[in-house]
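In: Model the structure of this input:
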Amino acid sequence: MSSKGNEHVSDWEGRAELLHPSEYIRAADIIEAGGKVTLAIKRVEANAELTCQGGVKDQKPVMHFDGTLKKLVLNKTNTRRIMEWHGASVKEWKGKKITLITEKWRGAEEAVRVAPKP
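Out: Numbering: from 1, shown residues only. Take a look at the predicted model:
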């Protein structure tokens, strides 16, 4: 086989999940960044329309951050942890920092989590 025309192609050596870009923060993003990422909260969108597995549409709360276009879908666990750090008023979260980590979920699968308060 000829390699002509493939000079611009490079071998991928990162996590397989990152071969498919996403606008949302995934566990693979956190792992690739060294295991934790600290971000400042920009705003929370209450009813963002998401396309879930199988093409099913759903509405979920989504958190936006300063300094990145990636967003975090807020599940109940992460919402509770943010409340532990910054209170129940979402309005007060703007500009506050959270640290994202990964935790095992459903056995071996990694999930994005807000680091718990010590």
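In: buried set for the longest strand seen in the chain?
Out: Secondary structure of the chain per DSSP state E: the longest strand is strand 37-51. Neighbour-count burial for strand 37-51 flags Val37, Leu39, Ile41, Val44, Ala48 (criterion: 16 or more other CB atoms under 10 Å). To be clear about C-beta, it is placed using only N, CA and C from the backbone, and glycine gets the same treatment.
In: That one pairs with which strands, parallel or anti?
Out: Here strand 37-51 is paired, per DSSP bridges, with strand 57-65 (antiparallel), strand 97-105 (antiparallel).
In: Run the chain-centre distance for that strand.
Out: 9 Å (CA atoms, centre = their mean, to the nearest Å).
In: Residues touching it, excluding its own?
Out: Applying CB atoms under 8 Å, 6 or more residues apart in numbering, the contact partners of strand 37-51 are 25, 29-30, 57-68, 71, 73-74, 90, 93-100.
In: rerun at 10 Å
Out: Applying CB atoms under 10 Å, 6 or more residues apart in numbering, the external contacts of strand 37-51 come out as 23-25, 29-30, 56-68, 70-74, 79, 82, 86, 90-101, 112, 115.
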